[in-house]
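the sequence isn't on hand, but the structure is:
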């Protein structure tokens with residue numbers, strides 16, 4: 001074969017190149033939201049109970065941005081750790097002097113039995129995917 005001449009690819013080779021590129025694009029597109037979360041200081045959690053329905057349905061993915069608990073306000077939806085589980089509930093009251101937050105699930109009739117300590121707060125729920 002003369003130098004500088006390109007060899008023609010077979011249809012199968014072209015198909016494999018296109019398929020390989022498509023797979024790479026799909027994998028990057030699927031992982032990009034999680035990479036963005038990590039870079040921006042956030043996490044995502046599965047919502048496994050109906051305590052926040054209809055606002056956040058069971059099966060949703062709650063996107064949580066890490067924030068200083070002292071910056072939260074009443075009405076915010078937060079994620080916090082309780083007995084090894086992550087809970088997503090709304091802020092009812094903030095007691096800055098005690099560094100505690102009273103929370104409640106939107107679908108619950110009563111507030112949560114114990115306040116959330118500032119150091120138990122994971123962050124602010126900024127978005128959820130149903």
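Right, received. Where do you want to start? Source: prediction; values computed, not measured.

going by C-alpha atoms from here, please, whenever you check contacts or count neighbours.
Fine.

not counting sequence-adjacent ones, nearest residue to residue 127?
residue 63 (5.2 Å; Cα to Cα, 6 or more residues apart in numbering).

what are the contacting residues of the helix or strand containing the one you found?
Following DSSP states H and E, one finds residue 63 within strand 61-65. For strand 61-65, contacts defined as Cα atoms under 8 Å, 6 or more residues apart in numbering pick out 40-47, 78-79, 122-130.

quick one: strands adjacent to the top strand by length along the chain?
Longest strand in the chain by number of residues (criterion: DSSP state E): strand 85-95. Take DSSP bridges as the rule and strand 85-95 pairs in its sheet with strand 77-82 (antiparallel), strand 100-104 (antiparallel).

hmm, back to that, of the contacts of strand 61-65, which belong to strands?
42-46, 78-79, 122-129.

about what we covered before: what angle separates the strand holding residue 63 from strand 121-129?
In terms of direction (axes from the mean of the first three to the mean of the last three Cα atoms, to 10 degrees), strand 61-65 departs from strand 121-129 by 130 degrees.

quick one: the helix or strand bottoming out on mean pLDDT in the chain to chain centroid distance?
Among the helices and strands of the chain, helix 11-39 carries the lowest confidence by mean pLDDT, DSSP states H and E, at a mean of 82. A distance of 22 Å separates the C-alpha centroid of helix 11-39 from that of its chain, computed with Cα atoms, centre = their mean, to the nearest Å.
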